[in-house]
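Participant: sequence first, predicted coordinates after that:
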Amino acid sequence: MATLQASANKLYHSPIKATLHLPNRPQMSNVSLPKLPARKNLILEELKKRSITRDDCYTATSNGRKLKLDIHDDKVSGSTEVVAELYTIMEAVADRVEMHTNIGEQRNNWNNLLLTSINAITITASTMAGLAAIAGSGAPLLALKLSSTLLYSAATTIMLIMNKIQPSQLAEEQRNAARLFKQLHNEIETTLALQKNLTHADVKDAMEKVFALDQAYPLPLLNGVMLDKFPKSVSPAVWWPQHDKKHRSLTSRTDTNNGWSVALEKEMKGVLGVLKRKDTVEYMRLSKLVLKVNKFLAISGPLLTTIAAIGSAFIGSSSSPPFVVLGIVGGALASVVNTIEHGGQVGMVFEMYRSCAGSFQLLQENIESALEEREVGMRENGELLEMKVALQLGRSLSDLRRLGDDSDRGGHEEFASKLF
């Protein structure tokens, strides 16, 4: 017993030593990891410093394996300078989207506020003209008819300005511009993601598209920059550069026909014929019709308020009854005309039809550009073009092929687009 106790005391007081053997780890000193920027828009600065290309996204480890470095960017390709320029254009396009969206909302508010204000002024002036007719004579008659005349004059002035700028049409222009700039932004993103050999021609093409949109949908209202709201001749809206288009396929193809066949060419020719004979012609006809209606309403409103102002000014004279009718009825009719024109946003409808006609014209030019190119390899990929046309017209691929076949057979034709 004493021996066991002595052994226990010896174990208790003796120090215990332990050794932990860790497995040998591979040395990582030769792994070169680039420091990633915190923000995505700073990637280009890092690329400039390190001249990183797609091949540099892999760094060898000590074990002979390759470590993939994801730089959280679209597939970077082409020279660093071209990529940086395209990203700069993308930032400018994104800013224009925000700008046109905000200004479009502001001009839509103009339309609502001016419409309400003009109608309130006109109805108040008409009411005062009616009260002046029963006010007898003296100071009350003078005050009422003078107030009515001044209100009618103010309504005429504001209405002339409103009819000149057409706020509803301005708002539609900015909505179209915002939508088209978003399309351009997405197009540049797709180019950066899929194109393998980016050149300065891609940068020039993107710049031309930006300037063409700026010219098609200007923001200023002064110095003759604003689009004519009552043009003498109506033409489709054009927001793309007017030059020969050279398409490059964004997808790598192994076939020699680049997605084209005799049947597809025949189909595209049939669709092109329908677009020219039906859709574009119809929307241009509607644009001209709406423009005539808008012109009539824009002239009628100020004319009615002017007649009402003259009528209210002569209330109380020897031949008062006809002027009373003009002062009251003229104001009521002016409110109706103003409500139809700006409440119904006739200017916006005109711009919408003109923009639709422009979309069909752009689609025609894209198809013609592809068909006129003799070398199949220089065309846009046929299958990709067919899919684009089908999506833009709101049709399935089989429905689009049926449309092309029906066009070749002749007879009654339906409209190519099912979206509008």
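Facilitator: Okay, I see it.
Participant: hey, let's count contacts and neighbours off CA atoms from now on
Facilitator: OK.
Participant: and stretch 382-392, which residues are buried?
Facilitator: 382, 384-386, 389-390 (16 or more other C-alpha atoms under 10 Å).
Participant: correction: stretch 357-369
Facilitator: Those would be 357-364, 366-367, 369, for stretch 357-369 by 16+ other C-alpha under 10 Å.
Participant: closest to residue 182 out of those?
Facilitator: Using C-alpha to C-alpha, residue 359 comes nearest to residue 182 of these, at 15.5 Å.
Participant: and the pLDDT at the closest one?
Facilitator: For residue 359, the pLDDT comes out at 95.
Participant: cool, and residue 92?
Facilitator: The model reports residue 92 with a pLDDT of 96.
Participant: returning to that earlier point: return the subset of the buried residues of stretch 357-369 lying in strands.
Facilitator: Here DSSP state E is the test, and the buried residues of stretch 357-369 give no hits in strands at all.
Participant: going by distance to residue 177, which of the buried residues of stretch 382-392 wins?
Facilitator: residue 389 (21.4 Å).
Participant: so, low pLDDT: which residues of the chain?
Facilitator: Regions of the chain meeting the criterion pLDDT under 70 cover residues 1-78, 243-255, 318-320, 408, 410-412.
Participant: could you redo the last one with a cut-off of 50?
Facilitator: When residues are selected by pLDDT under 50, those of the chain lie in 1-4, 6-8, 10-23, 25-44, 46-77, 252-254.
Participant: now the element after the host helix or strand of residue 281, going C-ward?
Facilitator: Assigned by DSSP states H and E, residue 281 belongs to helix 280-313. Later in the chain than helix 280-313, the nearest helix or strand by DSSP H and E is helix 320-338.
Participant: can you list the buried residues in that next one?
Facilitator: Applying a neighbour-count criterion of 16+ other C-alpha under 10 Å, one finds 323-335, 337-338 buried in helix 320-338.
Participant: over to stretch 303-318?
Facilitator: Going by 16+ other C-alpha under 10 Å, stretch 303-318 has these buried residues: 303-316.
Participant: quick check: residue 231 is in a helix.
Facilitator: No. Per DSSP: H, G, I helix; E, B strand; the rest coil, residue 231 lies outside any helix segment and is coil.
Participant: just want the phi and psi numbers for the closest residue in space to residue 417 that isn't next to it in sequence.
Facilitator: Among residues not flanking residue 417 along the chain, residue 393 sits closest, at 4.3 Å (C-alpha to C-alpha, 6 or more residues apart in numbering). When read as degrees, to the nearest 10, the backbone of residue 393 gives phi -90, psi 0.
Participant: residue 234 versus the residue positioned nearest the centre of the chain, what's the distance?
Facilitator: Within the chain, the residue whose C-alpha comes closest to the C-alpha centroid is residue 179; the distance, by C-alpha atoms, centre = their mean, is 1.4 Å. Residue 179 sits at a distance of 22 Å from residue 234 (criterion: C-alpha to C-alpha, to the nearest Å).
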